[in-house]
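1. please work out how this folds:
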Amino acid sequence: MTIKIEKLKKTYRKNLRFSKPAVDDLTLLIESGEAFGFLGPNGAGKSTVIKILLNFIQPSAGAATINGFLVSNPAVRRNVGYLPENPYFYDHLTAEELLTFGGKAAGMGKAQIAKRIDELLERLKLSHAKKQRLRTYSKGMVQRTGLALALIHKPQICILDEPMSGLDPMGRRLVADLIVEMRKNGQTVFFSSHILSDIERLCDRVGILNRGRLLYCGGLKDLLPATGGGLEQAFIGLIEKDEREQHGADLAAG
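-> Got it, this is the predicted structure:
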């Protein structure tokens with residue numbers, strides 16, 4: 001097992017008397033070498049789960065492990081690459097300088113870093129802007145640079161929060177091709193996205209979250225309706241059904 005989440009809960013206090021669960025009793029297993037799509041509407045708890053996996057925040061209950069180690073263990077980060085939803089870097093740096101820093105932080109040698117930078121920037125169509133300051137980059141270029149930084153050390157596990165955000169169709173194709181390549185290389189890709197067509201095309205399995213609770217985890221063919229509708233139809237139907245049930249429960253409790 002690469003990523004294991006057991007009975008995970010994260011609660012934020014709204015005031016002295018009430019608290020709100022952002023993640024509620026989540027159990028999830030991500031196998032080594034698979035591409036796993038993590039779906040849910042805004043505010044469903046996806047980014048909270050990702051932040052817990054990266055040890056940015058602590059869970060209120062439960063545990064998360066990567067390759068058998070608690071995510072709080074610093075050794076875990078050697079094998080993990082991460083792209084945040086809205087990457088932000090020192091804008092006076094060039095892409096080359098940023099990636100060099102990332103490679104050094106990962107313990108890579110100088111020649112190895114230089115070779116890897118050239119490989120990634122070529123794949124992501126950024127070679128021409130290698131020595132430009134990041135302040136001159138478009139949002140899509142910054143996003144692709146962030147992906148290059150996440151991949152600089154060839155991590156075993158890639159955790160990507162909305163990797164297609166801000167990308168034009170060409171950029172989305174470049175990122176999709178990289179995810180396909182990572183799967184072929186046996187790397188694990190765990191990513192969230194609102195672009196369901198990309199999830200449908202790239203993922204082995206998906207997990208669907210709403211109000212911090214896991215509604216579905218499994219293969220796409222078991223989720224898609226027999227009518228032949230796509231992932232979008234199945235996703236919206238599942239979320240709407242859960243919202244109706246939760247609304248009824250809220251009324252009964254209130």
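
2. pull out the CA atoms of stretch 40-54 and give them to me as CSV.
-> Provided in CSV are the C-alpha atoms of stretch 40-54 (Å, rounded to 0.1, in the frame of the first residue of the first chain):
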residue,chain,number,x,y,z
GLY,A,40,-15.7,16.6,-4.8
PRO,A,41,-17.4,19.9,-4.9
ASN,A,42,-15.8,23.0,-3.5
GLY,A,43,-15.5,22.7,0.3
ALA,A,44,-15.8,18.9,0.3
GLY,A,45,-12.6,18.5,2.2
LYS,A,46,-10.2,17.4,-0.6
SER,A,47,-7.5,20.0,0.1
THR,A,48,-7.7,19.3,3.8
VAL,A,49,-7.0,15.7,3.2
ILE,A,50,-4.0,16.6,1.0
LYS,A,51,-2.7,19.0,3.6
ILE,A,52,-2.9,16.2,6.2
LEU,A,53,-1.0,13.8,3.9
LEU,A,54,1.7,16.4,3.5
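
3. and that stretch, average pLDDT?
-> Here stretch 40-54 scores 94 as its mean pLDDT.

4. ditto for stretch 109-117
-> pLDDT averaged over stretch 109-117 gives 96.

5. so which residues make contact with it?
-> Residues outside stretch 109-117 that contact it (Cβ atoms under 8 Å, 6 or more residues apart in numbering) are E96, L99, T100, G103, K104, M108, K130, A148, I152, H153, K154. From N, CA and C alone the C-beta is placed, and that goes for glycine too.

6. please apply the same query to stretch 127-139.
-> 89-96, 98, 117-118, 121, 141-142, 145, 166.

7. what about the spatially closest residue to I57 that is not a sequence neighbour, distance to E85?
-> Spatial nearest neighbour of I57, excluding adjacent residues (Cβ to Cβ, 6 or more residues apart in numbering): K51 at 4.8 Å. According to Cβ to Cβ, to the nearest Å, K51 and E85 sit 11 Å apart.

8. helix, strand or coil for A114?
-> When classified by DSSP: H, G, I helix; E, B strand; the rest coil, A114 comes out as helix.

9. need the helices for the protein, in chain order.
-> Using DSSP state H, the helices assigned to the chain run over residues 46-53, 95-105, 110-123, 139-151, 169-184, 196-202, 231-253.

10. just give me the neighbour total for L149.
-> By the measure other Cβ atoms under 10 Å, the count of residues near L149 is 22.

11. excluding covalently adjacent residues, which one is nearest to it?
-> Among residues not flanking L149 along the chain, G102 sits closest, at 4.7 Å (Cβ to Cβ, 6+ apart).

12. for that neighbour, give me its contacts.
-> So G102 contacts L149, I152, H153 (Cβ under 8 Å, 6+ apart).

13. looking at the residues you listed, spot the one nearest N79.
-> Closest to N79 out of those is H153 (8.8 Å), distances taken as Cβ to Cβ.

14. and the closest one, how far from Q187?
-> H153 is 12 Å from Q187, by Cβ to Cβ.

15. try R213
-> According to Cβ to Cβ, R213 and Q187 sit 29 Å apart.

16. same question, E119
-> Going from E119 to Q187 by Cβ to Cβ gives 15 Å.

17. the more surrounded of those two?
-> Q187 (22 against 14).

18. can you check the pLDDT for the more buried one?
-> With respect to pLDDT, Q187 scores 94.

19. show me what contacts it?
-> Listed by Cβ under 8 Å, 6+ apart, the contact set of Q187 reads G33, P155, Q156, I157, C158.

20. can I get these in JSON lines with neighbour count, distance to G40 and pLDDT?
-> Shown next, in JSON lines, are the contacts of Q187 (neighbours: other Cβ atoms under 10 Å; distance: Cβ to Cβ, whole Å; pLDDT from 0 to 100):
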{"residue": "G33", "neighbour count": "16", "distance to G40": "24", "pLDDT": "93"}
{"residue": "P155", "neighbour count": "19", "distance to G40": "24", "pLDDT": "95"}
{"residue": "Q156", "neighbour count": "19", "distance to G40": "25", "pLDDT": "95"}
{"residue": "I157", "neighbour count": "21", "distance to G40": "21", "pLDDT": "96"}
{"residue": "C158", "neighbour count": "24", "distance to G40": "19", "pLDDT": "96"}
